[in-house]
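Undergrad: generate coordinates for the sequence data below:
(chains A and B)
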Amino acid sequence: DAKTTQPNSMESNEEEPVHLPCNHSTISGTDYIHWYRQLPSQGPEYVIHGLTSNVNNRMASLAIAEDRKSSTLILHRATLRDAAVYYCILSANAGGTSYGKLTFGQGTILTVHP
Amino acid sequence: GAVVSQHPSRVICKSGTSVKIECRSLDFQATTMFWYRQFPKQSLMLMATSNEGSKATYEQGVEKDKFLINHASLTLSTLTVTSAHPEDSSFYICSARDLRLEYTGELFFGEGSRLTVL
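TA: Here you go, the predicted structure:
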């Protein structure tokens, strides 16, 4: 499986934007880039995913480099509730037989200061 | 949105006993569910893939006789930790695919079940 590399931790102030980077230099052409986050003592929560184009949803934006070797999750205005571990995961094509089988790395611990 | 529920959320048991954890998809059918284990300060580790109506597929290093998985219906998968020992104490999390959202990439996770073996 292609691996991802994320910073161990990042800090932000409330109401400010947060850019969470992820490197995935060995990504294959069919790998989707998924982001999940996990709040303390809870199961992970889907944030966003994309393939080649930048993506936006109500939670965040995903900026994907042109060569797809890196991506950035953007939280436009961090809140205290955004404090969590953020996981960048490469996954097989949705609909494929291995769809849903996620390999979690260590993720980035995001701390949001009031 | 789709919801996955786990029960119990917390369980404490004595060493040598067996514990069953349930994972339910509340408003969708899930032919495939996944079971993860997470130790403190660590990431999630996939244990097995649970397939409705067939045997589960276990990841390398996971003892299938110790972690029994049953996926008897399209909305329920169970994980039974047999003859539990203190080293099995962990946070167990399930996830499920909603076939209606097959191509959206979104997976749904349960709230997790914290097992403590005394």
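Undergrad: quickly note the distance from the closest residue to A:Glu45 other than its chain neighbours to chain B.
TA: The shortest distance from A:Glu45 to any non-neighbouring residue, by C-beta to C-beta, 6 or more residues apart in numbering or on different chains, is to A:Arg37 (5.5 Å). For the C-beta atoms, the positions are set from N, CA and C on the backbone; glycine is no exception. To chain B, A:Arg37 is 11 Å away according to C-beta to the nearest C-beta, to the nearest Å.
Undergrad: spit out the contact partners of residue 19.
TA: With no chain named, the answer covers chain A. A:His19 makes contacts with A:72-74, as judged by C-beta atoms under 8 Å, 6 or more residues apart in numbering or on different chains.
Undergrad: if you could check chain B rather than the one you did, that'd help
TA: Applying C-beta under 8 Å, 6+ apart to B:Val19 gives the contacts B:11, B:13, B:80-81, B:84, B:115.
Undergrad: just give me the neighbour total for residue 69.
TA: Answering for chain A, as no chain was given. 12 (other C-beta atoms under 10 Å in any protein chain shown).
Undergrad: that's the wrong chain, I wanted chain B
TA: 23.
Undergrad: these two touch, right, it and B:Ser54?
TA: No. Using C-beta atoms under 8 Å, B:Ile69 is not in contact with B:Ser54, being 10.8 Å away.
Undergrad: who touches A:Tyr36 in this structure?
TA: Applying C-beta under 8 Å, 6+ apart, the residues near A:Tyr36 are A:44-47, A:86-87, A:89, A:102, A:104, B:107, B:109.
Undergrad: rerun at 7 Å
TA: Contacts here follow C-beta atoms under 7 Å, 6 or more residues apart in numbering or on different chains; on that basis A:Tyr36 touches A:44-47, A:87, A:89.
Undergrad: in terms of pLDDT, where does A:Thr97 sit?
TA: The model reports A:Thr97 with a pLDDT of 56.
Undergrad: need the strands for chain B, in chain order.
TA: B:4-7, B:10-13, B:19-25, B:32-38, B:44-51, B:57-58, B:67-73, B:76-81, B:90-96, B:108-109, B:113-117 (DSSP state E).
Undergrad: confirm that the residue nearest to A:Glu45 sits in a strand.
TA: Yes. A:Arg37 forms part of a strand when assessed by DSSP: H, G, I helix; E, B strand; the rest coil.
Undergrad: so what's it up against?
TA: Per C-beta under 7 Å, 6+ apart, neighbours of A:Arg37: A:44-45, A:47, A:84-87.
Undergrad: now the two most distant members of those residues.
TA: Largest separation among the contacts of A:Arg37 by C-beta to C-beta: A:Val47 and A:Val85, giving 11.5 Å.
Undergrad: show me what the residue of chain B found nearest chain A is bridged to.
TA: With C-beta to the nearest C-beta, the shortest gap between chain B and chain A falls at B:Phe109, namely 3.5 Å. Counting by DSSP bridges, B:Phe109 is bridged to B:Ser95.
Undergrad: quick one: it and B:Ser83, what's the gap?
TA: 27 Å (C-beta to C-beta, to the nearest Å).
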